[in-house]
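> Just to be clear, the model below is a prediction. Sequence and coordinates:
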Amino acid sequence: MVPHLGCKSVFYVGSLVPLAALPVFVWVVPESVRFLAVRGDHERVAKILAAYALQRHLERQARAGLHEQRSSVARLFTGGRAMGTALLWTALFLSLLLTVFM
């Protein structure tokens, strides 16, 4: 492809194929059961679980979604995780910085 159409053709194909496949994925792949249960869309949850023969998990997923709590960033530094969190963030930042400067 590169000798005939040039090197830019690789980027065009690499971006157009996923964009063309996006509507298919949106139509075919369902939302996660947990996300739908948290939103309260129990009809779609039942439909998805019935399609995959997982009807018995409906109540458990719905209950888990109702009692779910959001975590804050500050919670990453509690419970002995402060050093690991700081080191991981530092390594990821330096990796990004290396990528930018390359």
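Structure's in. What do you need?
> Quick check: Ala86 vs Leu92, distance?
11 Å (CB to CB, to the nearest Å). In short, each C-beta sits where N, CA and C put it, glycine included.
> for Ser9, same thing?
Ser9 is 33 Å from Leu92, by CB to CB.
> can you check Leu76 too?
13 Å.
> Quick check on the most centrally placed residue in the chain: phi, psi?
Geometric centre of the chain, nearest residue: Ser32, 10.3 Å, by CA atoms, centre = their mean. Ser32 adopts backbone torsions of phi -70, psi 150, taken as degrees, to the nearest 10.
> repeat for Cys7
Per degrees, to the nearest 10, the backbone of Cys7 is at phi -70, psi -20.
> Can you give me the pLDDT of it?
Cys7 carries a pLDDT value of 87.
> For Gly14, see how far away it is.
Distance from Cys7 to Gly14, by CB to CB: 11 Å.
> try Ala50
From Ala50 over to Gly14 (counting by CB to CB), the distance is 38 Å.
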